[in-house]
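Novice: Generate coordinates for the sequence data below:
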Amino acid sequence: MPAASEPTAGPVPLPRTWRPLGTAVAAAFSSATVLVAMLAAWFLLDAEVRANFSWFQRITMLLLLAGAGAVLWGVVRCRVTATSDGLVVVNGYRRYAYDWAQVVAVRMPDGAPWATIDLSDGTARPAIGIQASDGSRARTAVRELREVIDAS
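Specialist: Residues are numbered from 1 along each chain as shown. Reported below is the predicted structural model:
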């Protein structure tokens, strides 16, 4: 059943924030797994082998871990927030704020990885905070956001 035709339980209270659940779970699980594996590998090495690592190699490994953490944090912080003033879309480390007059529609066609916000200037902005991989949760988010756009 399309998201627009599903019944509602009343107006959506503002402010309302939608975040992807599956992405956060996957990021938390993968980062914990990598961290545990690397720590286990390090402490299971003989002291002689660990002593052969130079400071440059240790710093490089820490920088690689920090880079992977920064990428995962950018994915996890994606969200769409509707307030009485407008819509705020956070995609990774980019933040976009729109007045309600700028927001025309939200859509998420079958097969699309995430929702798309159509703007009054003819452009569209991806809304990675509403991801199709979340299934019914994403359909509900699109329906609620449509209600908020229509009410604005």
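Novice: Let me know the outermost residue of this protein.
Specialist: Glu48 (42.7 Å; CA atoms, centre = their mean).
Novice: What strand or helix carries that one?
Specialist: helix 47-51 (DSSP states H and E).
Novice: ok, then the element right after the helix or strand encompassing Leu63?
Specialist: Under DSSP H and E, the secondary-structure element containing Leu63 is helix 55-76. Next helix or strand after helix 55-76 toward the C-terminus (DSSP H and E): strand 79-82.
Novice: Now tell me what touches that next one from outside.
Specialist: 12, 14-19, 87-90, 115, 117, 127, 129-130, 141, 145, 148 (CB atoms under 8 Å, 6 or more residues apart in numbering). Just so you know, the C-beta spots here come from the backbone N, C-alpha and C atoms, and that holds for glycine as well.
Novice: rerun that using 6 Å as the cut-off
Specialist: Here strand 79-82 makes contact (CB atoms under 6 Å, 6 or more residues apart in numbering) with 14, 16-19, 88-90, 127, 129-130, 148.
Novice: which one of the residues you listed sits closest to Trp100?
Specialist: For the contacts of strand 79-82, the closest approach to Trp100 (CB to CB) belongs to Val148, at 8.6 Å.
Novice: SS state for that closest one?
Specialist: helix (DSSP: H, G, I helix; E, B strand; the rest coil).
Novice: Could I get the contacting residues of it?
Specialist: Counting by CB under 6 Å, 6+ apart, Val148 has contacts 12, 82.
Novice: Check what pLDDT it gets.
Specialist: The model reports Val148 with a pLDDT of 95.
Novice: what's the closest non-adjacent residue to the spatially most central residue of the chain?
Specialist: Among the residues of the chain, the one closest to the centroid is Cys78, at 3.1 Å (CA atoms, centre = their mean). Nearest residue to Cys78, sequence neighbours excluded (CB to CB, 6 or more residues apart in numbering): Ile128, at 4.2 Å.
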